[in-house]
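[1] Below: sequence and its predicted model.
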Amino acid sequence: MDDKPHPSSILVVDDTPANLGLLSEILTQAGHRVRPAPNGRLALRAAQNDPPDLILLDINMPEMDGFEVCRQLKSDKRLQSIPVLFISALTETEDKVRAFQSGGLDYITKPFQAEEVKARVATHLQIRNYQNQLEEKRQSLEKALTELKATQRQLVQSEKMASLGVLTAGIAHEINNPINFIKTSAHALSRDMEDIRRLLDAFEVCGRDCPDAALRDGIAGLKADIDYDALTSELPGLVANINMGAERTADIINSLRIYSRPDEKKMSVTHVEELIETALVLLQNRYKKQIDIKTAYAQLPAVHGHAGRLMQVFNNVIDNAIDAVSGGVEKGDPSIEIITAAETVESTTYAVIRIKDNGPGIRKEDRDKVFDPFFTTKEVGQGVGLGMSLSQGIIRDHQGRIDIASRVGEGTTVSIFLPLDSEQADRQG
C-alpha cells in the first residue's frame, strides 16, 4: 500500500506569463501540482471542473480582476472553502483590506521571494488540512450521535417491551383464574340446563293433561308472558356463547403468556407454526371478517429459540401485512398467505416462513430502508418504524435472516429464515 501523501493541487492565476512560470517553478520544486490560468474566467472554469486545494490569485487582470474572481469563488458552495492568497505589486493598505473583505486569507507581494511563497502556501495548506480533518471528525461525531440516539430509542423501546412483558404476564396470571371459574361454571350450567329442560318437558305434559281448566289457562298465560318457546331455544345458545367466549379468552391468555417472555435468556425447543397461530390469535380482532388468512404448514421439526421474541417477529410482520391490505387492494379481496417449508441454502437447512400479502407493495427506493430504525411508510401516529428493525435484530440473534421481495401493485413477501438443527434437518430430509 502506498502511504506517500498526494501532492497538493494549486491553481495559480496571473495574466503575466513570466509570473506564472516563476510561481509554477517555485511550487513544483516544493512538491505541489501546479495548474496555471492566464485570466479570471479560465481560473473559475478550472476551479469548477476540478476544485484545487489552494488558489494564488493576481489582483490586476484585464476583463475580470482578482477581487471579482474571489467574490464568485466564495459565492459557490463547492469552492467557498478553498483558501485564496492574493498576489500583487500593490502595497496600499486599502487594497489589502479590500482583498481580505472579498474573501482572501493572505497576501503575497511582488517581486516574489521563493521561501516566502513556499512558507505561506505550506502554512495555509496545513490549516486547510486541519480544517478538513475537523470537518471529518465533526461528521463522524454527528453520525455517531445519530446512531447513539437511535440505539437509545431502541433500548427505551426494549425496556418498554420488557416492562410490558412483566405486566402482561401478571395480568394473564390474574385473569386465568376467573376464566377457569367461568368455564367450569358454564359447563355445570349446561348440565343443569339439561335437567331443567327435562323438568320443563314433564311439566309441559302435565300442563296439557291437567283437569283443572283454570290451572291450564294460568300455565298457558305464563308461557306466553315469558315467551317460553324462545326462552327454551335461546338458553343452550347463550351457554354455548359463554363457553366460546371463555375458550377464546383462554386462547388469548395463553398467547399472552408466550408473548410476555421476550427477554428469556435460555433458548428452548419450539414449533414455528404454534408461534404463528399464537400471533394470529392476538391479531384476530384486526383481520376478523375483513382479511382472508390462509396458512399452509409443512411438517417442520422444532427449532431452538426464544419463543416470546420469535413470536414478536411474527406479530410484527403479520401486523404490517394487515396494515398493507387494510386500505384495499387493486386485485381481488384482501388476503395474507403464510407458508412454511424446509429449505437448504449454502449447506445450511432453514425453517422458512413466508408471509405474503396482496397489498400495494413497497417502492424500490423504500425497500432498502425497511430495516432502518424509525423508518416507516405508515401515516403519522400509526407506527414509529422500529418493528422491522427489532425483528431483524431478533432473527440475527437466532443466526437467521429476513428477506423482503415486493413489487408495487402486486404485494409484498417477507421471508424469515431460521436455521434447523443438523440432526433435525437429516430427519426431516
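    Sure thing, it's come through.
[2] Could you check how far residue 353 is from residue 395?
    Going from residue 353 to residue 395 by C-beta to C-beta, to the nearest Å gives 10 Å. In this view, the C-beta of every residue, glycine as well, is placed from N, C-alpha and C.
[3] and residue 295, what element?
    Using DSSP states H and E, residue 295 sits in strand 292-296.
[4] buried set for stretch 317-326?
    317, 318, 319, 320, 321, 322, 323, 324, 325 (16 or more other C-beta atoms under 10 Å).
[5] Next up, phi/psi of the last one, please.
    This points to residue 325. phi -100, psi -10 (degrees, to the nearest 10).
[6] about what we covered before: neighbour-wise, which of residue 353 and residue 395 wins?
    A count of neighbours by other C-beta atoms under 10 Å puts residue 353 above the other of residue 353 and residue 395, at 26 against 19.
[7] so who does the more buried one touch?
    Residues in contact with residue 353, defined by C-beta atoms under 8 Å, 6 or more residues apart in numbering, are 272, 276, 314, 338, 339, 340, 415, 416, 418.
[8] Could you give the bridge partners of the nearest residue in space to it that is not next to it in sequence?
    Excluding its sequence neighbours, the residue lying closest to residue 353 (C-beta to C-beta, 6 or more residues apart in numbering) is residue 416, at 4.4 Å. Here residue 416 sits in beta bridges with residue 353, residue 402, going by DSSP bridges.
[9] Now the phi/psi pair for residue 341, please.
    Dihedral angles of residue 341 (phi, psi; degrees, to the nearest 10) stand at phi -160, psi 160.
[10] ok, it - contacts?
    By C-beta under 8 Å, 6+ apart, residue 341 lies in contact with 298, 300, 351, 352, 354.
[11] Looking at strand pairing, list the partners for it.
    residue 352.
[12] How about the one 4 residues further on?
    Going by DSSP bridges, residue 345 is paired in beta bridges with residue 348.
[13] all strands of the stretch 301-429 of the chain, in order?
    303-305, 335-345, 348-357, 401-407, 411-419 (DSSP state E, counting those that start in this stretch).
[14] so which of those gets nearest residue 233?
    Taking C-beta to C-beta, strand 335-345 is the member of the strands of the stretch 301-429 of the chain nearest to residue 233, at 37.1 Å.
[15] then the closest one to CSV, C-alphas only?
    C-alpha atoms of strand 335-345 as CSV (Å, rounded to 0.1, in the frame of the first residue of the first chain):
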residue,chain,number,x,y,z
SER,A,335,-55.6,-11.7,1.7
ILE,A,336,-52.5,-12.9,3.6
GLU,A,337,-50.8,-16.2,2.9
ILE,A,338,-48.5,-17.8,5.4
ILE,A,339,-46.4,-20.8,4.2
THR,A,340,-43.7,-22.7,6.0
ALA,A,341,-41.1,-25.0,4.4
ALA,A,342,-37.6,-26.5,4.9
GLU,A,343,-35.0,-25.2,2.5
THR,A,344,-31.3,-25.7,2.2
VAL,A,345,-29.2,-22.7,1.4
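[16] Determine how far that strand lies from the middle of the whole chain.
    Distance, stretch centre to chain centre, for strand 335-345: 23 Å (C-alpha atoms, centre = their mean, to the nearest Å).
[17] the domain parsing of the chain - what is it?
    9-112, 147-260, 265-429 (automatic domain parsing).
[18] can you put the ones you listed in a markdown table and add mean pLDDT and distance to residue 123?
    Below are those laid out as a markdown table (pLDDT from 0 to 100; distance: least, C-beta to C-beta, whole Å):
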| stretch | mean pLDDT | distance to residue 123 |
| --- | --- | --- |
| domain 9-112 | 87 | 8 |
| domain 147-260 | 69 | 36 |
| domain 265-429 | 81 | 44 |
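[19] Including distance to residue 126, could those go into CSV?
    CSV is the format used below for these (distance: least, C-beta to C-beta, whole Å):
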stretch, distance to residue 126
domain 9-112, 10
domain 147-260, 31
domain 265-429, 39
